[in-house]
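A.B. asks: Show me the folded form of this:
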Amino acid sequence: MAPTDHRSEINPTQETLPPVEPCTLVIFGGSGDLAKRRLIPALYNLLLDGLMPSNYVVLGLGRKPMSDEEFRAAVRDGVAKHSRQALIADTWNAFARHLFYMAGENDDPNTYVRLKARAEELERTFQLPGNRIFYLSIPPSSFTPVCEGLSASGIAAKAGGETSYARIIVEKPVGRDLKSAQEINAVTGRVFDESQIFRIDHYLGKETVQNLMVVRFANSIFEPIWNRKYIDHVQITVSEAEGVGTRASYYEEAGALRDMVQNHLLQLLCLVAMEPPYSLDPDVVRNAKMEVLRCLRPITGKDVEQFTVRAQYTEGTAHGEPVPGYRREKGVNSTSTTETYVAVKCFVENWRWSGVPFYLRTGKALPLRASEVAVQFKDIPQILFNANAQAPQAPNVLTLRIQPEEGLSLRIVSRVPGTRAQTHPVEMNFKYGEVFGKPSPEAYERLLLDVMAGDASRFMRRDAVEASWAWITQILEGWEQLGQRWLPEYQAGTWGPVEADRLIQHDGRAWRTL
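C.D. replies: Purely as a prediction, here's the structure:
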């Protein structure tokens, strides 16, 4: 069933951005993959949509020596390949005039002296007010020298006094456990006030993730039944079709729990489980999400074995291509116990959710790339159309698809046309692209615009980062105490290990088929 087209009824909400002021965006790691594939294309699309500030400068900083023209040519290729909208020659040429580059080492104090001089020169040329944004698209190990260099050089100070701003964007991962996260937060906190720090998780910029709050709080039919009385359980899945590929060195130090659960999946859980905020003020929304993290039941001791599963993929086939086992990937230790798959059963212990399990799963080398949140409602009584205990009715399920096709669906039971009394589950589907006639903005577009506007509601606050790491670190410590030399395995191209199936089947439930 396709939803009715109500584009003529689109209404503004109170979520309106303040004016986006002219600024200078400095990208640390400017010669890297993220800048080419995500950041520059996002800025270009904002320009096409008329959302960039009236004046701006983008200054890439990287280790690779390049001229401004070479940098522009490199990122132009990235825009041509990865932009949501087509590259238009005239628009690109106008955009490219605002792109610059300088080479420098992150741990060299002279880099920041030169960076300040270059930024000031460009700000004079473009008559910018001194608003500066620093994007740390670099490994966490470089955060300390970068923050110290920004502080010592004075470039992080408000160039225009109280009339300008300085902000910093920190890419995930913010640490690898609670201690390292606290250290990173302390380093950035010595130079920047918490209101100036934007810890980015691109999942929070995805259209369907943003729609979670709208579905819950803009529709009166859901909130009365959004609780333990009517909801049986919630499944949150982030499936990746690829293996580790070229990210083996990073992944060996991270693993699926750190890489995906600590940020992406826990943030989705917070949006599903949070109480209604009394306004859309950034800190009000983040307070509501923080309360969910505070209510997560700790998983420690023997509970680690009972409520978590970790595994590695073995040799198999994905999308018709052979995939080596994880331990045979280039750059991976042949005796590695780094998990490429995680399943977790957890509980939010408050009045709304007491007793409702949240099942989280994520993994690499699975059958397809997909992410979804599925809220399964409780079964109807075993009478009338559900009287046959041998063939129970399918439960109602509300599914929010984050990728690949952003949208949502609601499964209901309907009568099958004919002379016999038969029922069948049907899906009521909504797809963004079909209803609104255009693709959704990329997550980085929305998040970069938020930073320029000073809206922190889609970014993680320090206390939330540390609370999520505190919960994750207890699981990591439990795994370390188990001392497993070999992990359960699953063949590449399948949906994970049998141990994950048993985790949910033990409760009389099953993983959804994506």
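A.B. asks: helix, strand or coil for the spatially most central residue of the chain?
C.D. replies: Against the mean C-alpha coordinate of the chain, by C-alpha atoms, centre = their mean, the closest residue is Tyr203 at 2.2 Å. For Tyr203, the secondary-structure state derived from DSSP: H, G, I helix; E, B strand; the rest coil is helix.
A.B. asks: OK, contacts around the closest residue in space to Trp226 that isn't next to it in sequence?
C.D. replies: Of all residues not flanking Trp226 in the chain, Arg216 sits nearest, at 6.4 Å (C-beta to C-beta, 6 or more residues apart in numbering). (Each C-beta comes from the backbone N, C-alpha and C, glycine too.) For Arg216, the contacting residues are 222-223, 226, 276, by C-beta atoms under 8 Å, 6 or more residues apart in numbering.
A.B. asks: Figure out the helix or strand that Arg216 lives in.
C.D. replies: helix 207-217 (DSSP states H and E).
A.B. asks: CA atoms only for the very next helix or strand once past that helix, dumped as CSV, please.
C.D. replies: Sequence order places strand 231-239 as the next helix or strand after helix 207-217, per DSSP H and E. This file holds the C-alpha atoms of strand 231-239, laid out as CSV (Å, rounded to 0.1, in the frame of the first residue of the first chain):
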residue,chain,number,x,y,z
ILE,A,231,5.6,-3.8,22.8
ASP,A,232,7.1,-7.3,22.9
HIS,A,233,10.6,-6.4,21.9
VAL,A,234,12.8,-4.2,19.7
GLN,A,235,15.4,-5.3,17.2
ILE,A,236,18.1,-3.0,15.9
THR,A,237,20.2,-4.3,13.0
VAL,A,238,23.2,-2.7,11.2
SER,A,239,24.4,-5.2,8.6
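A.B. asks: ok, back up a step: between which two of the contacts of Arg216 is the distance greatest?
C.D. replies: Comparing every pair within those by C-beta to C-beta identifies Phe222 and Pro276 as the most remote, at 11.1 Å.
A.B. asks: that older thread, leaving out sequence neighbours, find the closest residue to the residue nearest to the centre of the chain.
C.D. replies: Tyr203's closest residue in space is His264 (C-beta to C-beta, 6+ apart), at 4.5 Å.
A.B. asks: Show me which of Phe222 and Pro276 is the more surrounded one.
C.D. replies: Phe222 (14 against 10; other C-beta atoms under 10 Å).
A.B. asks: Chain neighbours aside, what residue packs nearest to the more buried one?
C.D. replies: Phe222 sits nearest to Arg216 (C-beta to C-beta, 6+ apart), 5.7 Å away.
A.B. asks: For the helix or strand bottoming out on mean pLDDT in the chain, buried residues please.
C.D. replies: When each helix and strand of the chain is scored by mean pLDDT, DSSP states H and E, helix 432-436 comes last, with a mean of 75. For helix 432-436, burial by neighbour count (16 or more other C-beta atoms under 10 Å) applies to Tyr432.
A.B. asks: so what secondary structure elements neighbour the helix or strand immediately after it in the chain?
C.D. replies: Moving toward the C-terminus from helix 432-436, the next helix or strand (DSSP H and E) is helix 443-453. On a contact count with 3 or more C-beta pairs under 8 Å, 6 or more residues apart in numbering; DSSP states H and E, helix 443-453 meets helix 40-48, strand 197-200.
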